[in-house]
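Asker: model this:
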Amino acid sequence: MGFASCFLGVFLITNSVFSIGCRADVPQLTIDLIVDFEGWKAAPYNDPVGLCTVGYGHLIDYKRCQDTDLDKPYLPDISVSTGRDILGTDVEIAATAVNQLVTVSVTPEQISALSSFVLNIGTDRFQRSTLLKLLNSGQTNLAAREFSKWVLAKGVKLNGLVARRKCEAALFMGNIRIGDKFDRSNCGALGIAPNDSELIDIYIGEL
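Answerer: All right, here's what the predicted structure looks like:
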């Protein structure tokens, strides 16, 4: 699926690929998608549901920053270079999980979409997801519909997650292609929206 098996800990930004060691070459489009939705903050902050976060959406703790024992490298703030390195590590973990858990042939666009998705929801929840089960059983179209369900965070439906899931689904289905410049307006609609009872919390996953 395009992933090598070693990790050198080298982070490079090029015009088309964000290289994370030699285990995963993640297209720049994927990084741009993640950066667009996560944004950048040099100092630790509480995300929309009160979790301590820094840089490009890196989760420090499942608590508010005021209740977290913060230390280096997060204080007093981090540089963009450090933020890129942290993002690189986070994406490398997500991409490696996709490589290990997906057992069918997938496109580069699908790998990229799933890497962004796993970065957001976590490896454990992805491993237990219906999305992964459907994908591994060859039901790609049904798997694509699962993205739109993952829009709750601590019980709150977030517009940012709704928009991110649209873009991940569009990338997964090839409506956005590797090499394209990322633009949210190109993500389109997801089709029939899931019922509220079908929505999934990214911090809980499917029960």
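Asker: buried sites along stretch 142-151?
Answerer: For stretch 142-151, a neighbour-count test (16 or more other C-beta atoms under 10 Å) marks 143, 144, 145, 146, 147, 148, 149, 150, 151 as buried. (Glycine included, C-beta is placed from N, CA and C.)
Asker: show me these that map onto helices.
Answerer: Using DSSP state H, the subset of the buried residues of stretch 142-151 located in helices is 143, 144, 145, 146.
Asker: in CSV: these, plus pLDDT.
Answerer: Below are those laid out as CSV (pLDDT from 0 to 100):
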residue, pLDDT
143, 97
144, 96
145, 95
146, 97
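Asker: what's the longest helix seen in the chain packed up against?
Answerer: Criterion DSSP H: the longest helix present in the chain is helix 80-101. Under the contact criterion of 3 or more C-beta pairs under 8 Å, 6 or more residues apart in numbering; DSSP states H and E, helix 80-101 touches strand 11-13, strand 17-20, strand 24-27, helix 28-38, strand 52-55, strand 58-61, helix 108-121, helix 123-127.
Asker: could the ones you listed go into CSV alongside mean pLDDT and distance to residue 195?
Answerer: Output for the helices and strands packed on helix 80-101, formatted as CSV (pLDDT from 0 to 100; distance: least, C-beta to C-beta, whole Å):
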stretch, mean pLDDT, distance to residue 195
strand 11-13, 29, 41
strand 17-20, 38, 37
strand 24-27, 68, 33
helix 28-38, 93, 24
strand 52-55, 96, 30
strand 58-61, 94, 29
helix 108-121, 96, 20
helix 123-127, 97, 20
